[in-house]
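In: model this:
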Amino acid sequence: MFAEYGVLNYWTYLVGAIFIVLVPGPNTLFVLKNSVSSGMKGGYLAACGVFIGDA
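Out: Numbers count the residues shown, from 1 in each chain. Predicted structure coming up:
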């Protein structure tokens, strides 16, 4: 069914896709670090910076 897309084992593909979605990226870790060290205001500022930088 998915062999034409290079997926030979559906369950391995599903586990890999779920793992990639659940692992936090560098932006998430950056916002978390600033939230812990600077409080809620620092977290919001970091989130706004990430949002503006990604736009």
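In: longest helix in the protein, please.
Out: The longest helix of the chain (DSSP state H) is helix 26-54.
In: what comes up buried for that helix?
Out: F30, V31, N34, S35, G43, A46, A47, V50 (16 or more other Cβ atoms under 10 Å). For the C-beta atoms, the positions are set from N, CA and C on the backbone; glycine is no exception.
In: those: which two are farthest apart?
Out: The span of the buried residues of helix 26-54, defined through Cβ to Cβ, is set by S35 and V50 at 12.0 Å.
In: helices or strands up against the least confident helix or strand in the chain by mean pLDDT?
Out: Taking mean pLDDT, DSSP states H and E as the measure, the chain has helix 10-22 as its least confident helix or strand, at a mean of 88. Helix 10-22 sits against no helix or strand, with contacts defined as 3 or more Cβ pairs under 8 Å, 6 or more residues apart in numbering; DSSP states H and E.
In: and it, how far out from the chain middle?
Out: Chain-centre distance of helix 10-22: 14 Å, with Cα atoms, centre = their mean, to the nearest Å.
In: torsion angles phi and psi at G6?
Out: G6 adopts backbone torsions of phi 90, psi 10, taken as degrees, to the nearest 10.
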